[in-house]
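Undergrad: Got a predicted structure here, sequence first:
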Amino acid sequence: MSYFSDVERDLVVAARTELADGVLALDLVAHNGRDLPTWEPGSHVDLILSDSRLPAAQRVERQYSLCGDPDDRTMWRVAVLREEGGRGGSARVHDDVQVGQRLRVRGPRNHFVHEVLPGVTHRFVAGGIGITPILGMVRAAARAGADWTLDYAGRSLTTMAFVDDLRALDEGRVRVHPADEGARLDVAALVEAALDGGPIYACGPARLIAALEEAASAAGRSDALHVERFEAIEYGEPVWPDPFEVELAMTGDVVTVQPSQSVLEAIEQQSPTAMVLSSCRRGTCGTCEVPVLEGEIEHRDSVLTPVEREQSAVMMVCVSRAACTRIVLDL
């Protein structure tokens with residue numbers, strides 16, 4: 001089950017560390033020295049990199065997985081890959097964020113919950129910066145004495161963060177696949193090995209996740225695969241191409257969503273008192289999750305599992321849409 005926190009707090013950058021080529025770690029602490037809230041492996045926080053008083057649509061916010069030690073409540077650590085040709089958030093972190101600076105942080109939030117199970121092998125797969133949520137899961141499995149393996153793929157060893165930390169846990173369980181050395185990850189073989197009933201937790205580029213999903217489906221093990229994406233899924237045209245209405249049960253407002261706008265945008269424009277939190281606006285972070293009371297939903301996010309999509313108890317209003325003329329949300 002996922003969980004999230006809406007709380008925003010100002011944290012101080014206590015340290016910045018170059019972990020690998022293009023990967024920067026920030027250690028964040030409370031300005032008054034107090035302990036920070038607990039978190040579990042798979043959690044992420046939102047870094048608000050612009051004036052937090054700006055309207056939500058104008059804020060620069062990015063989501064980064066917590067990759068420190070959950071038992072150390074004195075700090076939170078995030079690792080940020082500089083994305084050349086990205087939307088500019090990672091470049092701002094690398095170029096502008098300095099030790100001693102205060103950052104506005106929201107969370108933690110977790111849609112990628114890990115559970116240590118007895119008697120099975122836990123298989124972890126990471127591609128590039130996707131190692132950040134996986135790192136805590138590997139540490140938790142090792143600490144619990146569980147059986148586990150990690151396959152970690154990247155462009156080169158120099159770009160792959162935390163390799164030494166992971167090998168220190170148990171070098172025999174860690175398989176590193178740097179592409180420039182020809183060490184390719186055999187996804188089909190990995191999934192076939194998981195036929196023993198153990199779970200697979202994976203985070204990485206869209207191509208890696210798609211390959212894992214295809215292999216798991218072919219092996220009849222889709223239920224064993226748990227993924228987190230840091231790239232939005234590409235969808236075609238909406239199944240309902242016409243305008244539709246959204247009733248907000250708590251405010252009593254009814255807003256009309258045009259084909260050219262999102263549910264979130266329509267609510268912000270027509271019912272601003274509804275106060276829907278949002279961050280990525282691409283369907284990857286889960287911040288704008290809203291309970292659904294009535295109606296059919298076309299889920300276009302990159303967060304919900306197939307079972308959660310089928311249940312349609314919630315929707316991500318930044319990207320998902322109605323598949324009918326009217327839906328009712330618990331807002």
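TA: Structure's in. What do you need?

Undergrad: can you give me phi and psi for the nearest residue to G128 once chain neighbours are set aside?
TA: Leaving aside its sequence neighbours, G128 sits nearest to G154 (Cβ to Cβ, 6 or more residues apart in numbering; 5.3 Å). Heads up, the C-betas are built off the backbone N, CA and C, glycines and all. Main-chain torsions, G154, degrees, to the nearest 10: phi -160, psi 170.

Undergrad: okay, D186: pLDDT?
TA: We have a pLDDT of 91 for D186.

Undergrad: any idea how far it is from V138?
TA: D186 sits 20 Å away from V138 when distances are taken as Cβ to Cβ, to the nearest Å.

Undergrad: the longest strand in this structure is where?
TA: The longest strand of the chain (DSSP state E) is strand 8-20.

Undergrad: Just checking: what are the partner strands of that one?
TA: Paired neighbours of strand 8-20 in the sheet (DSSP bridges): strand 23-30 (antiparallel), strand 102-110 (antiparallel).

Undergrad: can you pull the buried residues of that strand?
TA: Within strand 8-20, the residues scored as buried using 16 or more other Cβ atoms under 10 Å are 9, 11-14, 16, 19-20.

Undergrad: which among those gets closest to P238?
TA: Of all the buried residues of strand 8-20, R9 has the smallest distance to P238: 36.9 Å, by Cβ to Cβ.

Undergrad: tally of neighbours for the nearest residue to the closest one once chain neighbours are set aside?
TA: Nearest residue to R9, sequence neighbours excluded (Cβ to Cβ, 6+ apart): V105, at 5.8 Å. As a burial measure, V105 scores 20 neighbours (other Cβ atoms under 10 Å).

Undergrad: Could you give the bridge partners of V105?
TA: Going by DSSP bridges, V105 forms beta bridges with R9, L47.

Undergrad: give me every residue that touches it.
TA: 8-11, 28, 45-48, 76 (Cβ atoms under 8 Å, 6 or more residues apart in numbering).

Undergrad: Look up how far F230 lies from it.
TA: Between V105 and F230 the computed distance is 18 Å (Cβ to Cβ).

Undergrad: With G22 instead?
TA: Taking Cβ to Cβ, one finds G22 at 15 Å from F230.

Undergrad: Check whether A183 really touches S156, as I assumed.
TA: No: the pair A183 and S156 fails to qualify as a contact (Cβ atoms under 8 Å) at a distance of 10.2 Å.

Undergrad: okay, and the common contacts of those two?
TA: Residues touching both A183 and S156 by Cβ under 8 Å, 6+ apart: none at all.

Undergrad: returning to that earlier point: counting neighbours, go ahead and name the busier of G22 and F230.
TA: F230 (25 against 19).

Undergrad: tell me the contacts of the more buried one?
TA: Applying Cβ under 8 Å, 6+ apart, the residues near F230 are 129-130, 203, 205, 284.

Undergrad: Repeat that for P306.
TA: P306 sits next to S222 when contact means Cβ under 8 Å, 6+ apart.

Undergrad: that older thread, with neighbour numbers in mind, choose between D186 and V138.
TA: V138 (27 against 13).

Undergrad: What strand or helix carries that one?
TA: Using DSSP states H and E, V138 falls within helix 131-143.

Undergrad: And that helix, how far out from the chain middle?
TA: Chain-centre distance of helix 131-143: 15 Å, with Cα atoms, centre = their mean, to the nearest Å.

Undergrad: ditto for stretch 254-264
TA: 25 Å.

Undergrad: Please spell out which residues along that stretch are buried.
TA: Buried residues in stretch 254-264 (16+ other Cβ under 10 Å): 255, 257, 262-264.

Undergrad: Among these, which lie within helices?
TA: Judged by DSSP state H, the subset of the buried residues of stretch 254-264 located in helices is 263-264.

Undergrad: what residue ranges in this structure score low on pLDDT?
TA: Along the chain, segments meeting pLDDT under 70 span 1-4, 51-58, 86-87.

Undergrad: can you give me the helices in it?
TA: Along the chain, counting by DSSP H, helices occupy 89-96, 131-143, 163-170, 187-193, 206-218, 263-270, 306-311.

Undergrad: most packed of those?
TA: Compared across those, helix 131-143 shows the largest average neighbour count, a mean of 23 (mean count of other Cβ atoms under 10 Å).

Undergrad: could I have it exported to PDB, CA atoms only?
TA: Extracted in PDB, the C-alpha atoms of helix 131-143 (Å, rounded to 0.1, in the frame of the first residue of the first chain):
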ATOM      1  CA  ILE A 131      19.500   2.600  -8.300                       C
ATOM      2  CA  THR A 132      18.400   5.300  -5.800                       C
ATOM      3  CA  PRO A 133      15.100   3.700  -4.700                       C
ATOM      4  CA  ILE A 134      16.600   0.200  -5.100                       C
ATOM      5  CA  LEU A 135      19.500   0.900  -2.800                       C
ATOM      6  CA  GLY A 136      17.400   1.100   0.400                       C
ATOM      7  CA  MET A 137      15.500  -2.100  -0.600                       C
ATOM      8  CA  VAL A 138      18.800  -4.000  -1.000                       C
ATOM      9  CA  ARG A 139      20.000  -2.800   2.400                       C
ATOM     10  CA  ALA A 140      16.700  -3.800   4.000                       C
ATOM     11  CA  ALA A 141      16.800  -7.200   2.500                       C
ATOM     12  CA  ALA A 142      20.400  -7.700   3.600                       C
ATOM     13  CA  ARG A 143      19.700  -6.400   7.100                       C
END
